[in-house]
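Asker: Below are the sequence and a predicted model; questions follow.
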Amino acid sequence: MSETMTAYEKVMAARDANKLTTVDYIAHMFGESFIELHGDRRFADDHAIVAGLAMLYDTPLTVIGIEKGRNTKERMERNFGQAQPEGYRKALRLMKQAEKFHRPVLCLVDTSGAYPGIGAEERGQGQAIAENLMEMMTLKTPVLTILIGEGGSGGALALAVADEVWMMENAVYSVISPEGCASILWKDSSKAPEAAEALKMTAQDLFSLGVIERIIRQPKAADTAMFESLKMLISRTLEKNLSLSVEELTEQRYARFRKIGTAHLH
Amino acid sequence: MDFFAFVKPKNELESVPDAKQNVPFIPEEMWMKCPKCNTLLLTTDLEENLNVCTHCGHHFRMESKQRLALLADTDTFTEHDSDLTGSNILDFPGYDQKLEKARQKSKESVLCGECLMGGIKAVLCVMEADFMMGSMGTVTGEKITRAFEYATENKLPVVVCSVSGGARMQEGILSLMQMAKTSGAVKRHSDAGQLYITILTDPTTGGVTASFAMEGDIILAEPNTLVAFAGPRVIEQTMRQKLPRDFQTSEFVLQKGFIDAVVTRDKMKDTVVRLLKMHGYREAAQ
């Protein structure tokens, strides 16, 4: 199915209001074990970010995800999955907590981007994202990020400086939305399908560019077997990285980002 | 011709050239209008005054070369990776032509190297607005990363002058990845105990704000500089929110607590040199 879809059809699939969101993934993989933790301890609790502790088989895990909401009411509450600085600061607080207890971190990303609003700017949206990028790069505990829908620019990257980054087969990840790109470059947002193609934003494109490690088959709601295998895969990857020394782990993470896109430089 | 000439009696005195004609002719490239106070300024006066309006103090944008001259001691700057170039890696439509056009003015959107500042050895990176609005592509990110790695290895402080429209969309996800890469290099330089000073200049936005521009130990900005993650037009268009006056200027972000100081251009080098000294950096032996 995903092989025959155009890039823009994948953008649409990634934005599909009926697809599974972060809270669905948490419920299907961690069930009753999930304990939600709130707040950035500085300003507020951003509902666009869902975070907490869960059990991955016998291992406690910090889970942080961006939640778009599954219906209109939820979407309003979740600010349509557009996090504000306090959301990124909540995420960082819980990552630092995970580091303290040497607990692995799983991030689930689904956002059109960081919230571009007055309050978000006043409270340092750029600074909040920048701090996450810096701190995640040297976080002394394993981090795995899965893009389950939209990966919108800096707002997605702020949870994606990880040892490995995976994408669902119909997820997209881009520096700008295809509509934004088309309207800036060609003054015509209806050329979004062309922009989607040009931006190389599908999971398959990003895999061939060496930006992600794995493409995951998209689970459907009732697909317990698929969730189980995803859980196994997460567990194996985190276990492998837990066995590394802190130096090996952080060197490996820096090297991962260090080499992306350097092949064409001369 | 005087419109009323035909009704006026001829008078010898009127043939004296009027005041307007007394003004010496100035070719257009010799003067500039200040966009803030509308005063006409002689370009020579403007240049002498560090491209700051002599009337209202408005800071004009500067080319990277002028900024180098402003910050580095005379003839001490050695550029690193000056020939590092990339290609149209995503085969993005129109990017080859854009690159070619931009390269007629400068090599890339950042100039990196080492120099002396007040006799102190430092790594200096200056972004170039003339190159695709200082957008960050893979070459930009790589040069900045290498500059920080070099500084970490050689125990040197880093000074970065930012000016950028954000990530370069023609390089797609790879430009986004530069935010992570440069941030990683900044963090390792920081963990090694070295000082990083950022100088935000107009405009500093998007992916550059959300990465190395906001990661300095000390963040300085020129007056009336746009400092934003989402630029004012993006906010107005997508959120349909009316913006407060002076929103996202350096004075505004100073009030909000996100930068350390607003410093005028004439005081910038002196401020940086004093900060370097206070962090234990000493003048290099001649």
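Answerer: Alright, I've got the coordinates. Numbers count the residues shown, from 1 in each chain, chains lettered A, B, ... in the order given.
Asker: Could I get the phi/psi values of the closest residue to A:Y57 other than its chain neighbours?
Answerer: Spatial nearest neighbour of A:Y57, excluding adjacent residues (C-beta to C-beta, 6 or more residues apart in numbering or on different chains): A:S235 at 6.0 Å. C-betas here are computed from N, CA, C, even on glycine. With angles defined as degrees, to the nearest 10, A:S235 sits at phi -60, psi -50.
Asker: give the contact list for A:S235.
Answerer: A:56-57, A:59 (C-beta atoms under 8 Å, 6 or more residues apart in numbering or on different chains).
Asker: do B:G257 as well
Answerer: Here B:G257 is in contact with A:G124 (criterion: C-beta under 8 Å, 6+ apart).
Asker: Backbone dihedrals for it, both of them.
Answerer: phi 90, psi 20.
Asker: what's the closest non-adjacent residue to residue 146?
Answerer: As the question left the chain open, I've gone with chain A. A:W166 (4.7 Å).
Asker: Can you look at chain B instead?
Answerer: Using C-beta to C-beta, 6+ apart, the nearest residue to B:R146 is B:D81, at 5.9 Å.
Asker: quick one: the one you found from B:G216, how far?
Answerer: 21 Å (C-beta to C-beta, to the nearest Å).
Asker: between those two, which one's more packed in?
Answerer: Between B:D81 and B:G216, counted using other C-beta atoms under 10 Å in any protein chain shown, B:G216 has the larger neighbour count: 23 against 20.
Asker: Check which helices and strands the helix or strand where B:Y150 lies sits against.
Answerer: Using DSSP states H and E, the element containing B:Y150 is helix B:138-153. Where contact means 3 or more C-beta pairs under 8 Å, 6 or more residues apart in numbering or on different chains; DSSP states H and E, helix B:138-153 is packed against strand B:78-80, strand B:110-117, strand B:120-127, strand B:158-164, helix B:172-191.
Asker: Go again with 10 Å.
Answerer: Under the contact criterion of 3 or more C-beta pairs under 10 Å, 6 or more residues apart in numbering or on different chains; DSSP states H and E, helix B:138-153 touches helix A:246-259, strand B:78-80, strand B:110-117, strand B:120-127, strand B:158-164, helix B:172-191, helix B:206-209.
Asker: Would you tell me which one of those is buried the most?
Answerer: A comparison of the helices and strands packed on helix B:138-153 by mean neighbour count, using mean count of other C-beta atoms under 10 Å in any protein chain shown, puts helix B:206-209 on top with a mean of 32.
Asker: Quick check: mean pLDDT of that helix?
Answerer: Computed over helix B:206-209, the mean pLDDT rounds to 97.
Asker: Could you confirm whether that helix reaches chain A?
Answerer: Yes: residues of helix B:206-209 contacting chain A under C-beta under 10 Å from any C-beta of the partner chain: B:206-209.
Asker: Pick out the most distant pair among these.
Answerer: Distances among these were taken as C-beta to C-beta; the most separated pair is B:G207 and B:T209, at 7.4 Å.
Asker: which neighbours do those two share?
Answerer: Residues touching both B:G207 and B:T209 (C-beta atoms under 10 Å, 6 or more residues apart in numbering or on different chains): A:126, A:129-130, A:154, B:164, B:166, B:179, B:229.
Asker: In strands, which of these appear?
Answerer: Among the shared contacts of B:G207 and B:T209, the members falling in strands (DSSP state E) are B:S164.
Asker: related to what we said a few turns ago, out of the residues of helix B:206-209 next to chain A, flag the one nearest to B:R67.
Answerer: Checking the residues of helix B:206-209 next to chain A against B:R67 by C-beta to C-beta gives B:V208 as the nearest, at 15.6 Å.
Asker: so how far is A:G31 from that closest one?
Answerer: Distance from B:V208 to A:G31, by C-beta to C-beta: 42 Å.
Asker: low-confidence ranges in the chain?
Answerer: No chain specified, so I'll use chain A. Low-confidence segments of chain A, defined by pLDDT under 70, are located at A:1-3.
Asker: look at chain B instead
Answerer: For chain B, the ranges with pLDDT under 70 are B:1-26, B:286.
Asker: The same query, at a cut-off of 80, please.
Answerer: B:1-29, B:237-241, B:286 (pLDDT under 80).
Asker: now the helices for it?
Answerer: Assigned by DSSP state H, chain B shows helices spanning B:19-22, B:43-48, B:64-71, B:95-103, B:138-153, B:172-191, B:206-209, B:232-239, B:250-255, B:265-278.
Asker: Of those helices, flag the one that's most buried.
Answerer: Using mean count of other C-beta under 10 Å, helix B:206-209 ranks as the most buried of those, with a mean of 32.
Asker: helices and strands around it, which ones?
Answerer: Helix B:206-209 packs on helix A:125-137, helix A:153-157, helix B:138-153, strand B:158-164, helix B:172-191, strand B:196-204, going by 3+ C-beta pairs under 10 Å, 6+ apart.
Asker: Give me the nearest residue to B:V186, chain neighbours excluded.
Answerer: Closest to B:V186 by C-beta to C-beta, 6+ apart is B:E215, at 4.7 Å.
Asker: what's the neighbour count on that neighbour?
Answerer: Neighbours around B:E215, by other C-beta under 10 Å: 23.
Asker: Does it touch B:I144 like I think?
Answerer: No: contact status for B:E215 versus B:I144: not in contact, 11.0 Å apart, counting by C-beta atoms under 10 Å.
Asker: So the residue most central in space within chain A versus A:A91, what's the distance?
Answerer: Geometric centre of chain A, nearest residue: A:V109, 2.4 Å, by C-alpha atoms, centre = their mean. Separation of A:V109 from A:A91 (C-beta to C-beta): 11 Å.
Asker: same thing with A:A255?
Answerer: 24 Å.
Asker: ok, now B:T182?
Answerer: Applying C-beta to C-beta, the value for B:T182 to A:A91 is 20 Å.
Asker: about what we covered before: now render the helices and strands packed on helix B:206-209 as TSV, adding distance to A:Q218.
Answerer: Listed next are the helices and strands packed on helix B:206-209 as TSV, based on distance: least, C-beta to C-beta, whole Å:
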stretch	distance to A:Q218
helix A:125-137	26
helix A:153-157	18
helix B:138-153	30
strand B:158-164	36
helix B:172-191	20
strand B:196-204	39
